[in-house]
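Undergrad: With the input below, show me the fold.
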Amino acid sequence: MLKFSLVFVAFLGITFGNDITCPPEGQHFYPHPTRCAKFIECNDGVLAEQECFGDLTFNPVVGFCDFPENFECEDLPDTVPEGPVGTCPIQNGALVDFLVDATRCNVFYMCNWGTPIQMECPEGLHFNPTKNVCDYPYRAGCLSYLKL
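TA: Residues are numbered from 1 along each chain as shown. Presented below is the predicted three-dimensional model:
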């Protein structure tokens with residue numbers, strides 16, 4: 001059985017909120033940021049919040065609603081902590097470490113000797129934690145809890 005926490009999905013593959021940019025073509029399904037029985041659907045660039053039938057929960061591994069015993073998930077509380085997600089390493093390494101923000105897609109933190117230093121992407125861009133750069137929202141893969 002797979003373990004899953006919605007907190008980690010927040011930065012894997014979706015943007016959610018008033019400034020969302022769904023992929024312009026095709027149909028795409030993403031987990032809801034706080035509710036296991038809901039999901040986000042993008043159809044040709046149009047976002048819609050959907051709900052699974054009955055007791056099913058959205059399984060992001062397979063991309064559709066599934067029996068809860070096939071994928072463990074817990075709803076998040078309605079309030080999400082603010083600030084960086086995770087902690088910075090005490091020592092600087094050969095590469096710079098970055099942390100994402102819990103509530104803002106355009107904010108990220110650069111680690112410096114254990115201290116997260118808040119940075120902000122230019123207007124219209126979101127931080128992409130896979131590439132560690134500011135990127136177009138549909139490629140950055142961010143969930144903004146402020147805009148639920």
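Undergrad: just the strands in this protein please.
TA: Along the chain, counting by DSSP state E, strands occupy 27-31, 38-43, 46-51, 57-59, 64-66, 98-100, 107-112, 115-120, 126-128, 133-135.
Undergrad: can you count the residues close to P23?
TA: Neighbour count of P23, defined by other CB atoms under 10 Å: 13. Yep, even glycine has a C-beta here, placed from its N, CA and C like the rest.
Undergrad: Find the nearest non-adjacent residue to it, please.
TA: Distance criterion CB to CB, 6 or more residues apart in numbering; nearest residue to P23, sequence neighbours excluded, is Y138 at 5.6 Å.
Undergrad: okay, now the domains of the chain?
TA: Residue ranges for the domains of the chain, per automatic domain parsing: 6-70, 98-147.
Undergrad: on that earlier part again, tabulate the strands of the chain (JSON lines), appending distance to L76.
TA: Below are the strands of the chain laid out as JSON lines (distance: least, CB to CB, whole Å):
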{"stretch": "strand 27-31", "distance to L76": "11"}
{"stretch": "strand 38-43", "distance to L76": "12"}
{"stretch": "strand 46-51", "distance to L76": "15"}
{"stretch": "strand 57-59", "distance to L76": "13"}
{"stretch": "strand 64-66", "distance to L76": "18"}
{"stretch": "strand 98-100", "distance to L76": "16"}
{"stretch": "strand 107-112", "distance to L76": "19"}
{"stretch": "strand 115-120", "distance to L76": "22"}
{"stretch": "strand 126-128", "distance to L76": "20"}
{"stretch": "strand 133-135", "distance to L76": "25"}
